[in-house]
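Visitor: pasting the structure only:
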Ligand SMILES: Cc1cc2nc3c(=O)[nH]c(=O)nc-3n(C[C@H](O)[C@H](O)[C@H](O)COP(=O)(O)OP(=O)(O)OC[C@H]3O[C@@H](n4cnc5c(N)ncnc54)[C@H](O)[C@@H]3O)c2cc1C
């Protein structure tokens, strides 16, 4: 397989052939009235200046599938890798910063990684391994602010097969075992299902995640709270994150979550469930849907306010439990939650990515 280096840093002149139609989530709506007042409640400013201007990456300028598929992949190079811990050995997570050479992307997209080597397909023919997708966990400027890197948040897949033998997921373990300087064959950026709307700096956003499902939401909060964009006024909406982890050891990005809660008490709110360590109000294990139920009235009000954006990323069964709880909450408060969800989907305000 031939791997090409990435295109040179792409700015406003990004060739139109690589650009695609406006993302589904790009619908615009009026910013909420409270927006300006909330921006003023910040107790300190976490924003770091960025050294390139990629503000034009919106609407029909969102980059899509520039590498991979019928095109060649690009080479990414690991510039930092950190073990973030996890519930146990099977669920250890790595934070991996990769030099992309400036391949553009926006928050909510994913990059693909092609693990090296080959396998036999169903016809006995040797073929290259397939692409695995990983949500991008940094904003378009990368954690360094220069638009040259992306960050991935990868959990090792390790499980026992029916005979009790340990099976290690190919690409996740390959990525978690990388070292600084290692090269990766990469594809993308891909995906338009989890994008923020174009006027996101003024919009209320509610995100619900389990485990590494938090990755795309880190790209959101880095964008909203950390990017010091020239002339940017800062985030004027409210960002609410409902996150589920097994226990304290498996909490991802806890320091940043605390930092934002302290710096932006008016615009950042976190509700965290720890299923193995905490009990819900009924005495059972505490899951992310329990935290939503605790906020029933506010959550339902946001669903009906005509502006808030909703995002869910994580386990399929988590999403089913969340919708069950919403239905129950709706019945208790006289709201037809399934009909409201259908309406929100039509308005491109309800975004779901599950595995
Ligand atoms: C849009 C998108 C975004 C994603 N983002 C992320 C991300 O940010 N971080 C992340 O870590 N992953 C993410 N993933 C998942 C990722 O793409 C891979 O699927 C994952 O890393 C496993 O790949 P692998 O090569 O390690 O495992 P593989 O070698 O492909 O093996 C995975 C297969 O093993 C089987 N399997 C896994 N666990 C068990 C089990 N407990 N019991 C029985 N069988 C099992 C399943 O059949 C599964 O298909 C994302 C996926 C998508 C589609």
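Guide: Yes, it's here. None of the values given here were measured: they were computed from a predicted structure.

Visitor: Roughly how far does residue 61 sit from the ligand?
Guide: Residue 61 sits 21 Å away from the ligand, going by CB to the nearest ligand atom, to the nearest Å. C-betas here are computed from N, CA, C, even on glycine.

Visitor: Count the residues that sit near that residue.
Guide: 18 (other CB atoms under 10 Å).

Visitor: centre of the chain versus stretch 174-182, how much separation?
Guide: For stretch 174-182, the separation from the chain centroid amounts to 21 Å (computed by CA atoms, centre = their mean, to the nearest Å).

Visitor: Is any residue of it near the ligand?
Guide: No. Stretch 174-182 does not reach the ligand (CB under 6 Å from any ligand atom); its nearest approach is 7.4 Å.

Visitor: ok, and what's touching that stretch?
Guide: Here stretch 174-182 makes contact (CB atoms under 8 Å, 6 or more residues apart in numbering) with 77-81, 83, 92, 94, 96, 113, 115-116, 134, 152, 154, 156, 184.

Visitor: just stretch 164-172 next, same as before
Guide: Stretch 164-172 is contacted from outside by 113, 115, 129, 132, 154-161, using CB under 8 Å, 6+ apart.

Visitor: For the ligand, tell me which of those residues show up nearby.
Guide: Applying CB under 6 Å from any ligand atom to the contacts of stretch 164-172, one finds that 132, 154-155, 157, 159 fall near the ligand.

Visitor: Only the buried members of those: can you turn that into a ChimeraX selection?
Guide: Provided next is the ChimeraX selection string for whichever of those are buried by 16 or more other CB atoms under 10 Å:
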select :132,154,155,157
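
Visitor: Beta-bridge partners for residue 206, please?
Guide: Beta-bridge partners recorded for residue 206 (DSSP bridges): residue 240, residue 310.

Visitor: correct me, but it touches residue 307?
Guide: No. Applying CB atoms under 8 Å as the test, residue 206 and residue 307 come out as separate, 11.2 Å apart.

Visitor: if you count what's nearby, which of the two comes out ahead?
Guide: residue 206 (22 against 19).

Visitor: which intervals of the stretch 201-350 of the chain have sub-threshold pLDDT?
Guide: Within the stretch 201-350 of the chain, not a single segment meets pLDDT under 70.

Visitor: same thing with the stretch 1-150 of the chain?
Guide: In the stretch 1-150 of the chain, residues with pLDDT under 70: 1-41.

Visitor: what do you get if the cut-off is 90, keeping everything else the same?
Guide: In the predicted model, the stretch 1-150 of the chain carries pLDDT under 90 at residues 1-45, 85-90.

Visitor: and it, which residues reach the ligand?
Guide: 110, 132-135.

Visitor: how about a cut-off of 8 Å?
Guide: Residues of the stretch 1-150 of the chain found near the ligand (CB under 8 Å from any ligand atom) are 93, 110, 115, 129-130, 132-135, 137.

Visitor: next one: the stretch 151-300 of the chain
Guide: Counting by CB under 8 Å from any ligand atom, the stretch 151-300 of the chain sits next to the ligand at 152-161, 167-175, 190-191, 212-213, 215-216.

Visitor: So which residues of the stretch 1-150 of the chain form helices?
Guide: 35-39 (DSSP state H, counting those that start in this stretch).

Visitor: Sketch out the strands for it, chain order is fine.
Guide: In the stretch 1-150 of the chain, the strands defined using DSSP state E, counting those that start in this stretch lie at 48-49, 74-83, 93-99, 110-114, 118-120, 126-128, 132-135, 149-155.

Visitor: Return the distance of the first one from the chain's centre.
Guide: Read it as strand 48-49. Counting by CA atoms, centre = their mean, strand 48-49 is centred 21 Å from the centre of its parent chain.

Visitor: was I right about residue 155 contacting residue 213?
Guide: No. Contact criterion CB under 8 Å: residue 155 and residue 213 do not qualify, at 10.0 Å.

Visitor: tell me the phi and psi of the residue in the stretch 101-250 of the chain that the ligand sits nearest to?
Guide: Residue nearest to the ligand within the stretch 101-250 of the chain (CB to the nearest ligand atom): residue 169, separated by 2.3 Å. Residue 169 adopts backbone torsions of phi -60, psi 140, taken as degrees, to the nearest 10.
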